[in-house]
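In: Based on what follows, work out the 3D shape:
(one chain, ligands or ions: 2)
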Amino acid sequence: MSEQLTFPAESAALLEPRLPPKSDATEASRSRPFVTLTFATSLDSSLSLSPGVRTRLSGPGSKAMTHYLRTRHSAILVGVSTVLADDPALNCRIAGTPSQPRPIVIDANLRWTPRHSDKVFEVCRNGIGLAPFILTGVDESSLPRGSVELLHEHGGKYIHIPASRSQSTDRLRFDWNDILAALQAEGLSSVMVEGGGQIINSLLDPAYHDLIDSVIVTIAPTWLGQGGVVVSPDRVTDTAGVPLPVARLSHVSWHPFGEDVVLCGTLRQ
Ligand SMILES: NC(=O)C1=CN([C@@H]2O[C@H](COP(=O)(O)OP(=O)(O)OC[C@H]3O[C@@H](n4cnc5c(N)ncnc54)[C@H](O)[C@@H]3O)[C@@H](O)[C@H]2O)C=CC1
Ligand SMILES: Nc1nc(O)c(N)c(N[C@@H]2O[C@H](COP(=O)(O)O)[C@@H](O)[C@H]2O)n1
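Out: Numbers count the residues shown, from 1 in each chain. Ligands and ions are numbered 1, 2, ... in the order given. Presented below is the predicted three-dimensional model:
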């Protein structure tokens, strides 16, 4: 884990209007964390070749951009399938970074059994990352003891969130308002939501658009083909059943980073 990235100050300046305020005073006055939705996609809207396959999309420049975003948020949030697929470090690897983001793993049904050898714990032991907070719908009394201890040793923990049962999958699901309330209660004033597909599609439900402060998407000049993990939220229709667009960005800007382009925008008018 010796990779060291650099991100030019002039590129950082371009992104500044899209990022959470630097001033603690402003952040403290918010009722919920600042939310940035950010991910890397192919031209066919895929995040990876298939569920469970770690797929490099970002080139060196846009990868450094993502790591710069990690320095500018208090937390970085991913779904449990991303953790199982990627064994991600979820730290910032820009040299001299002043602070590391807190990894947040959405694992409502406890599918992940954390292990000492997981990268997220390795970087934590090496002082270049923080241990995860795992948001779960499972009651405290049913949490696996070994996992609770492993997390505790590294400074992480489980956090219980109220959950409802999805009618289609019979799995526990969280309301994003409850997720953000839990982060706020932990003093986390900003969060970047990185993925994967199910997490992003769930956040892109129109009920949650007002919760998203900024959208920053890396687009790589590649098609991954069918069978990938796709960003495509559930369809919305009008009262006559005619399909409507789910969301459109406004205040859009495009920034080339090497062979990739980074699209910034907001879901607000
Ligand atoms: N290119 C990129 O920027 C990124 C790519 N990925 C890729 O995405 C893939 C994983 O994506 P997915 O398979 O879609 O899994 P995912 O990482 O989105 O996690 C899916 C899990 O999250 C749960 N979930 C979703 N919304 C929820 C909610 N509101 N409340 C409670 N639980 C919720 C689902 O029930 C499911 O168990 C991996 O292959 C990974 O490599 C992941 C992150 C970023
Ligand atoms: N920005 C970006 N570009 C890609 O090409 C990617 N595959 C991802 N994936 C996300 O980054 C996580 C890996 O993080 P570490 O490098 O291990 O810290 C991965 O789990 C996805 O969330 N992102």
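In: going forward, measure contacts between C-alpha atoms and count neighbours the same way
Out: Noted.
In: Pull out the buried residues from the longest helix along the chain.
Out: Of all segments of type helix in the chain, defined using DSSP state H, the longest is helix 60-71. By 16 or more other C-alpha atoms under 10 Å, the buried positions in helix 60-71 come out as 61-71.
In: List of residues touching that helix?
Out: The contact list for helix 60-71 (C-alpha atoms under 8 Å, 6 or more residues apart in numbering) reads 5-7, 12, 19, 76, 91-94, 97-101, 192, 218, 257-258, 260-262.
In: The buried residues of helix 60-71 also near ligand 1: which ones?
Out: When contact is defined as C-alpha under 6 Å from any ligand atom, these do not meet ligand 1 at all.
In: Just send those back as JSON lines, with distance to ligand 2 and pLDDT too.
Out: As requested, the buried residues of helix 60-71 are exported to JSON lines (distance: C-alpha to the nearest ligand atom, whole Å; pLDDT from 0 to 100):
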{"residue": "61", "distance to ligand 2": "10", "pLDDT": "96"}
{"residue": "62", "distance to ligand 2": "7", "pLDDT": "97"}
{"residue": "63", "distance to ligand 2": "6", "pLDDT": "97"}
{"residue": "64", "distance to ligand 2": "9", "pLDDT": "96"}
{"residue": "65", "distance to ligand 2": "8", "pLDDT": "97"}
{"residue": "66", "distance to ligand 2": "5", "pLDDT": "97"}
{"residue": "67", "distance to ligand 2": "8", "pLDDT": "97"}
{"residue": "68", "distance to ligand 2": "11", "pLDDT": "97"}
{"residue": "69", "distance to ligand 2": "10", "pLDDT": "97"}
{"residue": "70", "distance to ligand 2": "9", "pLDDT": "97"}
{"residue": "71", "distance to ligand 2": "12", "pLDDT": "96"}
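In: farthest pair in the residues you listed?
Out: Farthest-apart pair in the buried residues of helix 60-71 is 61 and 71; separation 15.6 Å (C-alpha to C-alpha).
In: can you list the residues of the stretch 151-269 of the chain near ligand 2?
Out: Applying C-alpha under 6 Å from any ligand atom, we find that the stretch 151-269 of the chain lies next to ligand 2 at 194-195.
In: one more time with 8 Å, if that's ok
Out: Applying C-alpha under 8 Å from any ligand atom, we find that the stretch 151-269 of the chain lies next to ligand 2 at 194-196, 218.
In: Going along the chain, name the strands of the stretch 151-269 of the chain.
Out: Taking DSSP state E, counting those that start in this stretch, the strands of the stretch 151-269 of the chain run over residues 157-160, 164-165, 172-173, 190-195, 214-219, 229-230, 236-237, 243-244, 250-257, 260-266.
In: Of the ones you listed, which stretch is the most buried?
Out: Among those, the stretch with the highest mean neighbour count (mean count of other C-alpha atoms under 10 Å) is strand 190-195, at a mean of 25.
In: That one - which strands sit beside it in the sheet, and in what orientation?
Out: strand 34-41 (parallel), strand 75-79 (parallel) (DSSP bridges).
In: Now distance to ligand 2 and mean neighbour count too, for those, in JSON lines please.
Out: Listed next are these as JSON lines, based on distance: least, C-alpha to the nearest ligand atom, whole Å; neighbours: other C-alpha atoms under 10 Å:
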{"stretch": "strand 34-41", "distance to ligand 2": "5", "mean neighbour count": "23"}
{"stretch": "strand 75-79", "distance to ligand 2": "6", "mean neighbour count": "24"}
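In: pLDDT weak spots in the stretch 51-200 of the chain?
Out: Across the stretch 51-200 of the chain, nothing is flagged by pLDDT under 70.
In: now for stretch 127-134, what's the gap between its first and last residues?
Out: 20 Å (C-alpha to C-alpha, to the nearest Å).
In: Is residue 155 in contact with residue 130, as I believe?
Out: Yes - Residue 155 is within contact range of residue 130, at 7.4 Å (criterion: C-alpha atoms under 8 Å).
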